[in-house]
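Chemist: need a structure here:
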Amino acid sequence: MSVLSVIGGQWGDEGKGKVVDLLAKKAEVVARYQGGANAGHTVIAEGKEFILHLIPTGILHAHVHCIIGSGVVVDPVALVEEIKLLRDGGIHVGSNLVIGKRTHMIMPYHKVLDTHMEELLGVNRIGTTGRGIGPAYSDKAARLGIRVCDLFDEKVLGERVRVTLSIKKRLLAGISMSDEERRSLEEAHIIKVCSQVREILAPHVRNTDVEILEAITNDKRVVLEGAQGILLDLDMGTYPYVTSSNTGVGGALSGLGMPLRKVGAIVAVMKAYCTRVGQGPFPSELHGAMGERLRSGGGEYGATTGRPRRCGWFDAVAARHAVQVTGADALIVTKIDVLDNLETIRICVGYEMDGKRITIFPAEASILEQCTPVFEESEGWLVPTVGTRRLEDLPSQAREYLKQLERLTGTPIWMVSTGPGRDDTIEIQDPFSAVEMN
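Modeler: Sure thing, here's the model as predicted:
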């Protein structure tokens, strides 16, 4: 079975967009399974930069069928704008894009709730993007959500909007809001927004669970594309500083409506170092000049918000946790070229707290916040690796660093990214060939 699940192995922003874009050259279907417009997959293709928030990265390949599954929460206004931007950039968006009927939508009031929830949390805020992701998933779980299929039944749409708005107005009673925010709680405004996007989205709406199963049954090569990373997973991440969905293969199965036995292999994408956006514990975080050096060298600013990312050394404890809970068959390591100018490179191999060594990733964020990292040092290579396409052409110290990551995670590396361009990649093992051999 040629189904490859691509997940983030850290706190997101690992470079999954480039990886999926590269794999899409050999695939026929790319299916996005969770998250919302808080994700930002940046791809440089033929000299142009594309930042995709909702549409699967495979859209940049004309032969690829792209699916947005029911595990995603779609901001319909943002999706319409993204379609327009792609078309303006010369990318074909037509029958090659399919949106699931069961997919839940982010409404204007979700963004209002998101913003004010962060304000109410104060110092305990999560650090969300304010895009309404959490409130939309909350409504989904509370059975108050509005789905894409509801756009095409005005009676159902009107009833669901009225019910959910009555609750939202109570929740926000007494909170000072702008005129625009108050408008987001008006039924007429919500219905108008839905009517504006209905016609544009209609040609793309289908039963995606049927489509994905047909693709698998017909032995097509399928890439399952996740957003964020496993350390932001709602269950397995650094709760409560997490996203609102399941970012691992479990999210892929439920978000696309496909059985476990259909997944051929799972690859976890990890940077050669670590980054994190927003609040939450980050044991290997660097402060001062070295953190800024990684940030500037790696262009570590959010694709969606532009926020500077917190930077730190590779965390092998967190990486082992990621491999364990995702069942990753292999790693894809990105941005090794960002380490080119460092004389010494460190890897976090364990934690210490109260004089005791910790080698298992703690479930409690409060404990993780108190952990002191234990590092191993290795020699840097101090020569450019940007654009390197063969493993043997990497400096010996860089090859040794990759071996260290394999040893510490107990997982083979199948690909290494050596720059932002599509072809700036070392393919050690073709992921699809590995899947098909199994």
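Chemist: name the helices or strands packed onto the helix or strand of the chain with the lowest mean pLDDT?
Modeler: The helix or strand of the chain with the poorest confidence is strand 41-45; it has a mean of 72 (mean pLDDT, DSSP states H and E). For strand 41-45, the packing partners by 3 or more C-beta pairs under 8 Å, 6 or more residues apart in numbering; DSSP states H and E come out as helix 16-24, strand 48-52. Just so you know, the C-beta spots here come from the backbone N, C-alpha and C atoms, and that holds for glycine as well.
Chemist: just those: most buried one?
Modeler: Comparing those on average neighbours per residue, with mean count of other C-beta atoms under 10 Å, the densest one is helix 16-24 at a mean of 25.
Chemist: Now do K111 against R183, distance only.
Modeler: 12 Å (C-beta to C-beta, to the nearest Å).
Chemist: And these two? Which one has more around it.
Modeler: K111 (20 against 15; other C-beta atoms under 10 Å).
Chemist: what's the helix or strand for that one?
Modeler: Element membership for K111 (DSSP states H and E) is helix 108-121.
Chemist: helix or strand right after that helix?
Modeler: As assigned by DSSP H and E, the chain's next helix or strand after helix 108-121 is helix 133-141.
Chemist: Give the other helices and strands that that following helix contacts.
Modeler: Against helix 133-141 (3+ C-beta pairs under 8 Å, 6+ apart) you get strand 73-74, strand 104-105, helix 108-121.
Chemist: buried ones in that helix?
Modeler: Of all the residues in helix 133-141, those buried under the rule 16 or more other C-beta atoms under 10 Å are 133-140.
Chemist: Same question for stretch 356-370.
Modeler: For stretch 356-370, a neighbour-count test (16+ other C-beta under 10 Å) marks 358, 361-362, 365, 368 as buried.
Chemist: what about the helices in the stretch 151-300 of the chain?
Modeler: With DSSP state H, counting those that start in this stretch as the criterion, the stretch 151-300 of the chain has helices at 154-171, 179-183, 187-201, 208-217, 249-256, 289-298.
Chemist: got these as CSV, with mean pLDDT and distance to W414 columns?
Modeler: Output for those, formatted as CSV (pLDDT from 0 to 100; distance: least, C-beta to C-beta, whole Å):
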stretch, mean pLDDT, distance to W414
helix 154-171, 93, 45
helix 179-183, 87, 47
helix 187-201, 94, 36
helix 208-217, 92, 22
helix 249-256, 94, 16
helix 289-298, 94, 21
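Chemist: Please identify the most buried of these.
Modeler: Of all those, helix 249-256 carries the top mean neighbour count, a mean of 23, counting by mean count of other C-beta under 10 Å.
Chemist: what separates it from the chain centre, distance-wise?
Modeler: Its chain's average C-alpha position is 13 Å from that of helix 249-256, according to C-alpha atoms, centre = their mean, to the nearest Å.
Chemist: Can you say which of the helices and strands packed on helix 133-141 is nearest to V197?
Modeler: In terms of C-beta to C-beta, the element of the helices and strands packed on helix 133-141 nearest to V197 is strand 104-105, at 8.9 Å.
Chemist: name the helices or strands packed onto that closest one?
Modeler: For strand 104-105, the packing partners by 3+ C-beta pairs under 8 Å, 6+ apart come out as strand 73-74, helix 133-141.
Chemist: after the first one comes which helix or strand?
Modeler: Under the assignment DSSP H and E, the closest C-terminal helix or strand after strand 73-74 is helix 76-88.
Chemist: what's in contact with that next one?
Modeler: Residues from elsewhere that reach helix 76-88, judged by C-beta atoms under 8 Å, 6 or more residues apart in numbering: 37, 50, 52-55, 59, 93, 97, 99, 105-106, 131, 148, 151, 193-194, 196-197, 200-201.
Chemist: Can you name the next helix or strand after that helix?
Modeler: The helix or strand immediately downstream of helix 76-88 is strand 97-100, counting by DSSP H and E.
Chemist: Which strands or helices does that following strand pack on?
Modeler: Applying 3+ C-beta pairs under 8 Å, 6+ apart, one finds that strand 97-100 contacts strand 65-68, strand 205-206, helix 208-217.
Chemist: any chance of the ones you listed in a markdown table, plus distance to G9?
Modeler: Shown next, in a markdown table, are these (distance: least, C-beta to C-beta, whole Å):
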| stretch | distance to G9 |
| --- | --- |
| strand 65-68 | 23 |
| strand 205-206 | 31 |
| helix 208-217 | 23 |
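Chemist: Ok, which of those comes nearest V269?
Modeler: Short answer: strand 65-68, nearest of the helices and strands packed on strand 97-100 by C-beta to C-beta, at 19.1 Å.
Chemist: got the CA coordinates for the closest one in CSV?
Modeler: Provided in CSV are the C-alpha atoms of strand 65-68 (Å, rounded to 0.1, in the frame of the first residue of the first chain):
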residue,chain,number,x,y,z
HIS,A,65,-5.6,15.3,-6.4
CYS,A,66,-5.9,17.4,-3.2
ILE,A,67,-8.3,16.5,-0.3
ILE,A,68,-9.3,18.6,2.7
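Chemist: Would you give the sheet partners of that strand, along with the direction of each?
Modeler: strand 29-32 (parallel), strand 97-100 (parallel) (DSSP bridges).
Chemist: So for that strand, mean pLDDT?
Modeler: The predicted model gives strand 65-68 an average pLDDT of 96.
Chemist: Please apply the same query to stretch 403-418.
Modeler: Mean predicted confidence for stretch 403-418 is 98.
Chemist: Over to it now: how far is its first residue from its last?
Modeler: End-to-end distance for stretch 403-418: 16 Å, by C-alpha to C-alpha, to the nearest Å.
Chemist: same deal with stretch 309-323?
Modeler: So stretch 309-323: terminal residues 23 Å apart, C-alpha to C-alpha.
Chemist: mind listing what's buried in that stretch?
Modeler: 309-323.
Chemist: Okay, and which of those residues map to helices?
Modeler: Counted as lying in helices by DSSP state H, out of the buried residues of stretch 309-323, are 316-323.
Chemist: From these, pick the one nearest K335.
Modeler: Nearest to K335, judged by C-beta to C-beta, of these is A319 at 14.8 Å.
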